[in-house]
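A.B. asks: Next comes the sequence, and after it the predicted model I'd like to discuss.
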Amino acid sequence: MMLARIGDDLLTFIGVYNPGNRWASFWGGFGGCLSELAIVGLVWRKVNCHAKGCPRVGLHHVDGTPYTTCKKHHPVHPGSRAVTADQIARAHAAAHAAAEAELAGASSGPRTSADPR
């Protein structure tokens, strides 16, 4: 008896339980949410980790690639451990040194009279 009551409540909640017009109730209830579920699915596909089979939210961009990964799959992030200030400072220094090296390599080329540098 309790199981029948729970089933009846579930059908009423999703909009299917209406003996007079079942399909109108479906599209007015649960069926009307199908487009919203599709939108949520597309958004989830966009923000989840790009590692195959990983359901986590990807917040970390992998430099030089179009991929976004979670902290577990990111090649530089330390995983589930908290990042320390020292690790952040070292990563910043490495990125800053790489940017300076790139600028130094670009500015060491031959200059022409039309070059505004």
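C.D. replies: Arrived safely, thanks for sending. Residues are numbered from 1 along each chain as shown.
A.B. asks: State the pLDDT value of Ile39.
C.D. replies: pLDDT for Ile39: 90.
A.B. asks: and it, what element?
C.D. replies: Per DSSP states H and E, Ile39 falls inside helix 34-47.
A.B. asks: and what of His74?
C.D. replies: His74 belongs to no helix or strand, assigned by DSSP H and E.
A.B. asks: wait, isn't it in contact with His60?
C.D. replies: Yes - under the criterion of CB atoms under 8 Å, His74 makes contact with His60 at 4.4 Å. C-beta here means a position set from N, CA and C on the backbone, and glycine is covered the same way.
A.B. asks: shaky segments in the chain?
C.D. replies: For the chain, residues meeting the criterion pLDDT under 70 lie at 13, 15-25, 78-85, 88, 106-117.
A.B. asks: Can you give me the domain boundaries for it?
C.D. replies: 1-28, 49-107 (automatic domain parsing).
A.B. asks: Which residues are in contact with Val57?
C.D. replies: 47-49, 70 (CB atoms under 8 Å, 6 or more residues apart in numbering).
A.B. asks: What's the ChimeraX syntax to select whichever of those are buried?
C.D. replies: Those of these that count as buried under 16 or more other CB atoms under 10 Å are selected in ChimeraX with:
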select :48,49,70
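A.B. asks: Can you give the contact residues for the helix holding Ile39?
C.D. replies: Contact with helix 34-47 is made by 57-58, 68, as judged by CB under 8 Å, 6+ apart.
A.B. asks: Throw those into a markdown table and include secondary structure, thanks.
C.D. replies: A markdown table is the format used below for those (DSSP: H, G, I helix; E, B strand; the rest coil):
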| residue | secondary structure |
| --- | --- |
| Val57 | strand |
| Gly58 | coil |
| Thr68 | strand |
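A.B. asks: Among the residues you listed, find me the one that's closest to Glu100.
C.D. replies: Thr68 (26.6 Å; CB to CB).
A.B. asks: What sits closest to the closest one if chain neighbours are left out?
C.D. replies: Excluding the flanking residues, the one nearest Thr68 by CB to CB, 6 or more residues apart in numbering is Gly58, at 3.9 Å.
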